[in-house]
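any chance you can model this:
(2 chains, ligands or ions: 6)
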Amino acid sequence: MAALSKRIIRETERLVSDPVPGITAMPHEDNLRYFDVTIEGADQSPYEGGLFKLELFLPEDYPMVAPKVRFLTKIYHPNIDRLGRICLDTLKKNWTPAIQIRTLLLSIQSLLTSPNPDDPLANDVAECWKKDEAGAIQTAKEWTAKYAKKE
Amino acid sequence: MSGDVTDEEYDFDDEISFEYEDDDDMFEMEDAENENMFSKASTADEKSPSNSNSAGVVGMTSSKDSALFSISNNDNIKRDLYSYNCFTTLQFFQKVLVGQAKDISQILNLSVNQVLYLLLYFNWNSEKLMEKYMDQYDKLLVETGITKFNEDKNQNPNDTLGVLRYQKDDWYCPVCCEDAVTGEKQFSLRCGHSFCEKCYQRYVTGEILKGTLVRCPEYKCPVALQLEDFDTLFHENPNVLRDKMPSKQKKSKQKTNKKKRKLRRFHPVSFGVFVGDHTDSEDSNSSDEDENDNTSNRSEDDRDQGMVENNFYEEDDESDREGFIELVKEQSNILNYSVKVDYIKQIAKKYIEAHKNLHWCPAPDCPALIQVNDYIPSKEELATKITHLPIVSCLQSHTFCLNCNYENHYPVPCSVVERWVQKCSNDSETANWINLNTKQCTKCENPIEKNGGCNHMTCSKCGFEFCWICSGPWKSHGSQYYSCNRFDDAESVQARDKNNNLKKNYKKYLHFFDRFQAHQVSINKDCKVYEKISDKIKSLQKSQGISWMEGQFLKNSISTLVKARSTLQWSYVFSYYLKDNKTNSALIFEENQTSLSNAVEDLSQLFNIRNAQKIIAQRVQFIQKQRFCVSRQLSLISCVEEGLSNGSFAFDVNIDDDNISQVKRKKDKK
Ligand SMILES: [Zn+2]
Ligand SMILES: [Zn+2]
Ligand SMILES: [Zn+2]
Ligand SMILES: [Zn+2]
Ligand SMILES: [Zn+2]
Ligand SMILES: [Zn+2]
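Ligands and ions are numbered 1, 2, ... in the order given. So this is what the prediction gives:
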């Protein structure tokens, strides 16, 4: 493992000392490239009241390549699949090295507020979302209550 | 004579910048690559035995002339049955893509580079670009990040370009988070988002692979790099940095980035079929050829060196010494030096992959690109219309079929070629098993080595004249009765059980494979003989002042010979797959085949004359036999086409099903 770059050190310091509202990110003690992340479901969204756990890993080439992020908490969302993988431009073709972990987590948070069923990762969910939005939102709420309860 | 130009090494890929002679001063490239290509093309014309009309057969259907095709030195357009152009990737970019941008820039009030930028933004959809430009001009400028392009007509065009400057003390790079270092630089586009030079370079180097606009690394910043920005960022334009601070740059020991590419032997009519064909590669390594190859390499090398260093050596006097060293340092930062060219290539590649009329030459390591300008019949149509096969030649004389990517394979349909290739590669052991270059005299068993393409052999010991292919006496070959080409299965008629049937098919395969391969060998040998003769003729021309034109008949002859042999070669594949060889049409085909075979050997035999003076004296003979050969070739191709169209020829679809290995296993058991 390459030595930790100044970039990662600075970002980590700031994430801890100046956290983004509704988001936490803590590096593992034994692996400073691996972060435990939580994101609160935004108000007025089907995920309101939920607390979602994610894992985030900074590959060796970070920030030239995007971090690997995935939901650990089960979530009903057209752009997040069963394994918690996220379909988000920022993580893929729109990644640039100037994007920081906090920027990225913010855009994941906003993905929760505005799902995009036209660019789906979980096809079955996206299908429901398009056919019966009210029903899908209901399911998302139920899942939030069931799996993402705040302790 | 180095033989085929294909032996030479072309460094298409070296860092060559070019320049289009537009008033647009922002996009500076030199036309060197182009000129090289053209001079190559014309050299090729003079030297190659099969270059200039290598696809001429197609054209013959209309005018019965074997030399129909020409290269126009202005636009690379070749015309066979179909019109097409041949480019390198960079040429393609410059001529086609930049050409497209130029056309649009004349309509819109934008520079060529701005249009290129916008075309990339709209993924080469020029209609969409025009539409947006007309309807939502302001929005377009903001969306694409080129706002500053047109703000002020009087502004310095450089104001819209990126800047490389020294880092200020209180600054730090948002990507690596390292604090400013005295003497190190930061780069920013016109948006002003600065990152350190190294981070920016690393980012851009990765991004160019996408073949689209490379945007500023800042989150959601729409501004992207223009081509000139690559010059600045990667120091490809050394003038940019000649400023204030004494340079404390690291010394780079890298010199040139010349790619030491391995020579690849690629016979104009032989590739794709036998991967690693040992006989062929052995042929190509003879000493005299190597010498020539090296010579041509050396001159390529010299040219490359020139590209990088000549400009500087010219001003290499004492007063400029320092500046010169500085420039070389900049230039030899090779890791970065080619990024712009790489970017251009990626752009072109992405475009090429999205367009069906663009084809890469399938020859190994050949960077040539074919752009077809005509409609090419569908695969279904081509299954019977043999004369319409889209056979093309790249500027390195690789002749191939656009439909199946294999060599010139008249008179066989593409589907049959694919089956044959598959069959032969499954059965490479068999291919090796056949002794290709030596045979024993049928009479006295004296080993005889083939040294020319001609299959009419005369034993050096007993004088027996026989046919290399079937080992039969040569005397009877001129007559119609003798069937050198027919696979006579009379002997296996009694073989009725399945096992024997397998053996029969295997034997049939070997029979035709033998002929197929023999002509392949002959093609290579014909070419070598031609090289030697042609050298002699050239020196004769020099010493006796004979005009160059008078030697042309030899070039036409070898070109015809190679093409006719290849048709003959493939006609054995046709024979192998032909379902019923007893029909009238099959007999007519066979007659045609025999007749072409005789014509080919007749012509080939003329090349056995090794005395240059005598060859020139035989000029009329050459021309007559060459013409006859062409007409026989055409006749065979038409015969196949007719039979395929009216249904009198059918292919045996099951013949390959028997597994050779089955036969082999049985043999092994015994
Ligand atoms: Zn940096
Ligand atoms: Zn920017
Ligand atoms: Zn080629
Ligand atoms: Zn083909
Ligand atoms: Zn003999
Ligand atoms: Zn024979």
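
contacts, neighbours, all on C-alpha from now
Will do.

just the pLDDT for the spatially most central residue of chain A.
Centre of chain A computed as the mean C-alpha position; nearest residue by CA atoms, centre = their mean is A:Ile108, 4.4 Å away. With respect to pLDDT, A:Ile108 scores 94.

quick one: it from A:Val69, how far?
A:Ile108 sits 10 Å away from A:Val69, going by CA to CA, to the nearest Å.

now B:Glu184
34 Å.

do B:Leu120 as well
Distance of B:Leu120 to A:Val69, computed by CA to CA: 31 Å.

what's the answer for B:Pro413, then?
On the measure of CA to CA, B:Pro413 and A:Val69 end up 53 Å apart.

would you list every one of the helices in the stretch 451-600 of chain B?
B:498-544, B:552-577, B:584-606 (DSSP state H, counting those that start in this stretch).

quick check: mean pLDDT across the longest one?
Read it as helix B:498-544. Rounded mean pLDDT across helix B:498-544 is 81.

who are the packing partners of the helix ranked longest in chain A?
Scanning chain A for the longest helix, with DSSP state H as the assignment, gives helix A:133-147. Helix A:133-147 sits against helix A:123-131, with contacts defined as 3 or more CA pairs under 8 Å, 6 or more residues apart in numbering or on different chains; DSSP states H and E.

sorry, back to before: B:Glu184 and A:Val69 - which one has more neighbours?
A:Val69 (20 against 16; other CA atoms under 10 Å in any protein chain shown).

correct me, but the more buried one touches A:Pro59?
No. Assessed by CA atoms under 8 Å, A:Val69 is found out of contact with A:Pro59, at 10.8 Å.

for A:Glu55, which three-state class applies?
Recorded secondary structure, A:Glu55: strand (DSSP: H, G, I helix; E, B strand; the rest coil).

from B:Cys414, how far out is the residue in chain A positioned nearest to ligand 6?
Closest residue of chain A to ligand 6, CA to the ion: A:Lys93 (63.9 Å). A:Lys93 is 40 Å from B:Cys414, where distance means CA to CA.

distance-wise, check B:Arg565 relative to ligand 3.
Using CA to the ion, to the nearest Å, B:Arg565 is found at 21 Å from ligand 3.

can you give me the neighbour number for that residue?
Residue neighbour count, defined by other CA under 10 Å, stands at 28 for B:Arg565.

could you do the one 4 residues further on as well?
With neighbours defined by other CA under 10 Å, the count for B:Gln569 comes to 27.

lowest-confidence helix or strand of chain A?
Scoring the helices and strands of chain A by mean pLDDT, DSSP states H and E places helix A:123-131 at the bottom, with a mean of 83.

other residues contacting that one?
By CA atoms under 8 Å, 6 or more residues apart in numbering or on different chains, the residues outside helix A:123-131 that reach it are A:Tyr76, A:His77, A:Pro78, A:Asn79, A:Pro117, A:Asp118, A:Pro120, A:Gly135, A:Ala136, A:Ile137.

that helix relative to helix A:133-147, how many degrees between them?
Inter-element angle recorded for helix A:123-131 and helix A:133-147: 130 degrees (by axes from the mean of the first three to the mean of the last three CA atoms, to 10 degrees).

show me what counts as buried in helix A:123-131.
Across helix A:123-131, burial judged by 16 or more other CA atoms under 10 Å in any protein chain shown covers A:Asn123, A:Val125, A:Ala126, A:Glu127, A:Cys128, A:Trp129.

for the residues you listed, which one is nearest ligand 3?
Within the buried residues of helix A:123-131, the smallest distance to ligand 3 is 44.6 Å, found for A:Asn123 (CA to the ion).

ok, is stretch B:210-229 in contact with chain A or not?
Yes. Using CA under 8 Å from any CA of the partner chain, stretch B:210-229 comes into contact with chain A via B:Pro217, B:Glu218, B:Tyr219.

kindly supply the ChimeraX command isolating those of the residues you listed that are buried.
Selection of buried members from these for ChimeraX, criterion 16+ other CA under 10 Å:
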select /B:217,218,219
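
show me which of the residues of stretch B:210-229 next to chain A is closest to ligand 2.
Nearest to ligand 2, judged by CA to the ion, of these is B:Glu218 at 5.1 Å.

number of nearby residues for the residue nearest to B:Ser393 when sequence neighbours are not counted?
Nearest non-adjacent residue to B:Ser393, counting by CA to CA, 6 or more residues apart in numbering or on different chains: B:Thr399, 4.2 Å away. B:Thr399 sits with 28 neighbouring residues when counted by other CA under 10 Å.

ok, B:Leu97 next?
Quick note: B:Leu97 (other CA under 10 Å) scores 18 neighbours.

isn't there a strand covering it?
No. Membership of B:Leu97 in a strand is not supported by three-state DSSP, which gives helix.

what's the distance between it and B:Ile104?
According to CA to CA, B:Leu97 stands 11 Å off from B:Ile104.

over to B:Ile391?
Going from B:Ile391 to B:Ile104 by CA to CA gives 33 Å.

between those two, which has more neighbouring residues?
Comparing B:Ile391 with B:Ile104 by other CA under 10 Å, the one with more neighbours is B:Ile391, at 26 against 20.

quick one: that one and B:Tyr406 touch, right?
No. Using CA under 8 Å, B:Ile391 is not in contact with B:Tyr406, being 9.4 Å away.

pLDDT averaged over stretch B:655-670 - what is it?
Regarding stretch B:655-670, the rounded mean pLDDT is 51.

distance from the chain centre to the least confident helix or strand of chain A, please.
Relative to the centre of its chain, helix A:123-131 is centred 20 Å away, using CA atoms, centre = their mean, to the nearest Å.

cool, and stretch A:33-43?
The chain centroid and the centroid of stretch A:33-43 are separated by 6 Å under CA atoms, centre = their mean.

now it: buried residues?
Using 16+ other CA under 10 Å as the test for burial, stretch A:33-43 gives A:Arg33, A:Tyr34, A:Phe35, A:Val37, A:Thr38, A:Ile39, A:Glu40, A:Gly41, A:Ala42.

follow-up on the earlier one: pick out the most distant pair among the buried residues of helix A:123-131.
Longest distance between any two of the buried residues of helix A:123-131 is 9.6 Å, between A:Asn123 and A:Trp129; criterion CA to CA.

could you pull out the helices for chain A?
A:6-17, A:101-113, A:123-131, A:133-147.

lowest-confidence stretch among those helices?
Looking at these, the lowest mean pLDDT belongs to helix A:123-131 (a mean of 83).

what mean pLDDT does stretch B:422-436 have?
Mean pLDDT, computed over stretch B:422-436, is 58.

sorry, wrong one. I was asking about stretch B:146-163.
Mean pLDDT, stretch B:146-163: 62.

if we can go back for a sec, which of the buried residues of stretch A:33-43 sits closest to B:Leu358?
A:Arg33 (45.5 Å).
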